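Visitor: Would you be able to build a 3D model of this:
(chains A, B and C)
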Amino acid sequence: MKLHEAERKLNEIANIKFKDLFTAEELQTIIVNKGKTGQLLELALGMKLSNKNRDFEDGELKTNKCDETGKPAETIFITQVSNMIDDLLQNKPFEETSLFEKIDNILYVPVCKVGEPTEWSFLESVHVNLNEERFFCLREQLHKDYDTICQLLNHHIETSKDGFIHTSNGKFIQIRSKDSKPYHPIYSNVYGREVSNKNHAFYFKKQFVGEIRRILGL
DNA sequence: CTAACTGGCAGCTCGCTCAG
DNA sequence: CTGAGCGAGCTGCCAGTTAG
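Guide: Here you go, the predicted structure:
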């Protein structure tokens, strides 16, 4: 599925309460298993559930919990770090990383989760394409963030007590731990040893959402 | 005191592997 | 050939700590 097609479908179901969008049975699974919202959205859009690198043929779907005004409640998960750690430690050019591939064309869908799940709804989606002129400024900043984070990772490995990487912040994106037991250590070929005892991931910080809303005049 | 940050937990689907 | 088991990668949620 192409991103634009999903965007169109989404705008048809935006602002409709979940109780009018899903069956009681479907809603029940949301309540029992809170991690289900994103999957229900993908199904509502007629997509196949998968663990592939990109949700759309040409981009990525990101949902996030927020309030009625679209203000995000959480940072937004982007992608895991373990398989690209050496790209980062060698500061591979931003545009060539799988991180860039992951974020250069995003359909961001805020999910208003105030009150009971029956009262929740998808809000107006936001399409962020870093190749469009109006996002050049944002793209520049993300590039800077990327370079900063690459430096911070090396700095942590070389100077921290445990010799491991730790939370590293840019202005709009960050890297921090993301794993569950049993942990998945990150091995670096550059250093020839483990550089973390657990997996890490890229996240968009909340300021990122504020920035795209500002750019789009929302 | 409150909001943000940090580190962490858990559950889901897919594809791969391997025994039967 | 087939199905169970498992790892990888995805998702969302939250408690304790820190910063403003």
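
Visitor: Now for the one residue sitting closest to the centre of chain A: which residues touch it?
Guide: Geometric centre of chain A, nearest residue: A:I78, 2.9 Å, by C-alpha atoms, centre = their mean. By C-beta atoms under 8 Å, 6 or more residues apart in numbering, the contact list for A:I78 reads A:K62, A:L99, A:K102, A:I103, A:I173, A:A201, A:F202, A:Y203, A:F204. Where you see a C-beta, it was placed from the backbone N, CA and C, and this is true even at glycine.

Visitor: Now the fourth one. Nearest residue, chain neighbours left out?
Guide: Spelled out, it's A:I103. A:I78 (6.3 Å; C-beta to C-beta, 6 or more residues apart in numbering).

Visitor: Please apply the same query to the last one.
Guide: For A:F204, ignoring the flanking residues on the chain, the nearest one in space by C-beta to C-beta, 6+ apart is A:I76 at 4.1 Å.

Visitor: my guess is the one you found meets A:N64, correct?
Guide: Yes. Between A:I76 and A:N64 there is a contact under C-beta atoms under 8 Å: 5.0 Å.

Visitor: between those two, which one's more packed in?
Guide: Under the neighbour definition other C-beta atoms under 10 Å, A:I76 and A:N64 were set side by side, and A:N64 has more, 22 against 19.

Visitor: Would you agree the more buried one is in contact with A:V209?
Guide: Yes. Using C-beta under 8 Å, A:N64 makes contact with A:V209 at a distance of 7.5 Å.

Visitor: Report the residue spans of chain A with pLDDT below the cut-off.
Guide: A:25-55, A:161, A:181, A:218 (pLDDT under 70).

Visitor: Could I get the full set of strands for it?
Guide: A:60-66, A:76-80, A:105-112, A:121-122, A:126-129, A:168-169, A:173-177, A:186-188, A:193-196, A:200-204 (DSSP state E).

Visitor: Adjacent strands (with direction) for the longest one?
Guide: What that stands for is strand A:105-112. Here strand A:105-112 has these sheet partners by DSSP bridges: strand A:60-66 (parallel), strand A:121-122 (antiparallel), strand A:126-129 (antiparallel).

Visitor: ok, now which ones touch A:V209?
Guide: Counted by C-beta under 8 Å, 6+ apart, A:V209 has contacts A:N64, A:G70, A:K71, A:P72, A:I76, A:Y108, A:P110.

Visitor: can you tell me if stretch A:192-200 touches DNA strand C.
Guide: No. If you take C-beta under 7 Å from any atom of the strand as the test, stretch A:192-200 misses DNA strand C, and the best it gets is 7.9 Å.

Visitor: Is that stretch in proximity to DNA strand B?
Guide: Yes. Against DNA strand B, stretch A:192-200 shows contacts by C-beta under 7 Å from any atom of the strand at A:K198.
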